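Participant: generate a structure from the sequence data that follows.
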Amino acid sequence: MDTVKGLIRTQSFWIFIVVALLGGLGAIFPIPLLGVIIAALTIFGVSLQGVETVRAQKELDRKHTSVLKEIEQAREEAAQQHTKAMQEIEQAKRKAATQHTEALEEIEQARIEAATQNADAMQEIKKARDEARAENILLNANKFATSLMEKDELVTEAVALFPDFRQREYRQLGLEMSAAVIGNVDYIKWYSMKAAGYTFEPPLFQFPLEDEERTFFIDHAISYLTETVLNSATADAQGLLYLACMFGYLHRYDEMMRVLDKARQISQVVQIMKDEFRERPMMLILVGACGSDQTKLERLRITLNLLPTTQQYFYKYAKEFPLTTHQLPAPFIEWIAVRKLEIAGESGTFIIKITPPYPSNQEKVDAFFVGSNGMPETIVPVENRVSVEELYSILTSSFILFCPIG
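Facilitator: Numbering: from 1, shown residues only. Below you'll find the predicted structure:
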C-alpha cells in the first residue's frame, strides 16, 4: 500500500499513464505525430523517472546520513552518559574510600584516645600510689630517722618516687643541714640519742659534728637551697639567709654577698636571724667570711642595714643597755669584732664581752673575749676598769668593731 502511494505521488507515474492512454488512443485512431508525442513523453517520463530516482536516492542518502548522525549523536550521548556514569561511579568509589579511610582514622583515633585515657588513668593510679608511698617514707623520715644523714636518704628516696615533693622537701633539708652546720650539731641525732637514754650533762651536753658530717651537710645544703631557693621563682629570705651562711662558712665571700643582696630585697636579714634564734652564730659566720678586709666588712654592714660602730653609737648603746632584761649573773654587752691584721695575737672573729657600765662601778667597764682554745683573753681587766669612751679607743686600736649582739 505504501508502494502504491509512493508511485501515485511521482510525476513520472502520471506521465506514463498519459503515454499509455495516448498509445491506446493511437491504436484506435490513426493520429499523425501521435507516435512522436508518445516517444517524446516516454523519453521525458524516463528522464523524469531517472531524476526522481536520483532525488529519491539523495533523499534516501540524506535520511541515511541523518540517521547515521543521530546514531552517532546517540552513541556520543551514550558515551558521555557512560563516561559521566563512570566518573560518578569513580567519584562514589573515591568518596566511599575516603569515608572508609576516615572511618578507619576515627576508629584508630578513638582507639588511641581510649589507650591514652587508659594510660592516663593508670598513670594517675600509679602517681597516687607513689604519692602515698612517698608520704609514708617522709613520715618515717620525720618521725623515726636517727640522724640527718638517714633522713636525707629517706627524703631522696621519697623524692625519686614522687618528684612533686622535691621543692618542698629539699628546701627543708637544706635548712636543717644549714642549721646543723651553724649550730655544730645534728639535732636529729642528738634527740634520737637523748630519747634512747643518753644524758648530755655539762660539759658533754653538746654532740658536735664530725668533719665528714659537716662537709656532707654543707655540700648538700648548698645544692638543695641553690635549686629550691636561689634559682627558684619563689625565693624566700629565710632560705637565702641559710644559703649565704653556708657560702660564708666556706669563705666564699662573693657568692655569700650575692645571696644576701637577693635576701635583703625580700626582708630584713638581721630580723630573720633573730626570728631563727641564730643571730649570734650566723653573724659570726658572715663576718668571718670577710676576714680582716674592711672593704668587705663595710659592704656586709650596708647589706645587713647595720649602723657603723662610731664612738657615739658605741657609747649610746652601752649607756642604754637594758640591764633588767638580762639574766644574772653575767649580763654582758657583746660586740662582734675582727682583730686587725697588724695586731699580734690570734686572728679571726670574736665576740667581745663588756661588763655594762653599772653605777656601782662608777659607770666604768672591763672587757675580754674567748679565744679558739676556749680560754678568756683579757682586754681590760676588772681591777682596772675604764670609761666607755676609753674602752672604745682601746678596742678600735686592735679590732674592727662590727656590730652588737643583743
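Participant: buried stuff in stretch 146-157?
Facilitator: Across stretch 146-157, burial judged by 16 or more other CB atoms under 10 Å covers Ser147, Leu148, Met149, Glu150, Lys151, Asp152, Leu154, Val155, Thr156. C-beta here means a position set from N, CA and C on the backbone, and glycine is covered the same way.
Participant: redo those residues as CSV? Include pLDDT, distance to Ala119 and secondary structure.
Facilitator: What follows is the buried residues of stretch 146-157, written out as CSV (pLDDT from 0 to 100; distance: CB to CB, whole Å; DSSP: H, G, I helix; E, B strand; the rest coil):
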residue, pLDDT, distance to Ala119, secondary structure
Ser147, 91, 41, coil
Leu148, 95, 39, helix
Met149, 94, 38, helix
Glu150, 95, 36, helix
Lys151, 95, 35, helix
Asp152, 96, 34, helix
Leu154, 95, 30, helix
Val155, 96, 29, helix
Thr156, 96, 28, helix
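Participant: including distance to Thr83, could those go into CSV?
Facilitator: Output for the buried residues of stretch 146-157, formatted as CSV (distance: CB to CB, whole Å):
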residue, distance to Thr83
Ser147, 91
Leu148, 89
Met149, 87
Glu150, 87
Lys151, 85
Asp152, 83
Leu154, 81
Val155, 79
Thr156, 77
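Participant: show me which of these is closest to Leu68.
Facilitator: Thr156 (98.3 Å; CB to CB).
Participant: on that earlier part again, which two among the buried residues of stretch 146-157 are spaced furthest apart?
Facilitator: Ser147 and Thr156 (14.1 Å).
Participant: remind me which residues of the stretch 51-200 of the chain are low pLDDT?
Facilitator: Counting by pLDDT under 70, the ranges of the stretch 51-200 of the chain that qualify are 51-52, 54, 56, 121, 198-200.
Participant: run a quick neighbour tally on the residue nearest to Gln362 when sequence neighbours are not counted.
Facilitator: Closest residue to Gln362 in three dimensions, ignoring its sequence neighbours and counting by CB to CB, 6 or more residues apart in numbering: Arg385, at 7.9 Å. The local packing of Arg385 (other CB atoms under 10 Å) involves 19 other residues.
Participant: tell me who's in contact with Arg385.
Facilitator: For Arg385, the contact set (CB atoms under 8 Å, 6 or more residues apart in numbering) comprises Thr355, Asn361, Gln362, Lys364, Val365, Asp366.
Participant: just the pLDDT for it.
Facilitator: If you check Arg385, the pLDDT there is 95.
Participant: quick one: it from Leu260, how far?
Facilitator: Distance from Arg385 to Leu260, counting by CB to CB, to the nearest Å: 38 Å.
Participant: now do Val370
Facilitator: Counting by CB to CB, the gap from Val370 to Leu260 is 27 Å.
Participant: between the two, which one's more packed in?
Facilitator: Neighbours were counted for Val370 and for Leu260 using other CB under 10 Å; Leu260 has more, 24 against 13.
Participant: my read is that that one contacts Ile302, right?
Facilitator: No: in this structure, Leu260 is not within contact of Ile302 by CB atoms under 8 Å, at 10.4 Å.
Participant: for Gln238, state which of the contacts of Arg385 is nearest.
Facilitator: Closest to Gln238, out of all of the contacts of Arg385 and judged by CB to CB, is Thr355, at 34.8 Å.
Participant: touching, the closest one and Glu363? I think so.
Facilitator: No: using CB under 8 Å, Thr355 is not in contact with Glu363, being 10.8 Å away.
Participant: tell me which of those two has more neighbours.
Facilitator: Neighbour count, other CB under 10 Å: between Thr355 and Glu363, Thr355 has more, with 20 against 14.
Participant: can you pull the contacts of the more buried one?
Facilitator: Contacts for Thr355 were tallied using CB under 8 Å, 6+ apart; they are Phe332, Ile333, Asn361, Val365, Asp366, Ala367, Val382, Arg385.
Participant: tally of neighbours for Ala145?
Facilitator: Look at Ala145: counted by other CB under 10 Å, it has 18 neighbours.
Participant: and the helices in the stretch 51-200 of the chain?
Facilitator: Along the stretch 51-200 of the chain, counting by DSSP state H, counting those that start in this stretch, helices occupy 148-161, 166-183, 187-195.
Participant: chain center to the second one, what's the gap?
Facilitator: Meaning helix 166-183. Helix 166-183 sits 25 Å away from the centroid of its parent chain (CA atoms, centre = their mean, to the nearest Å).
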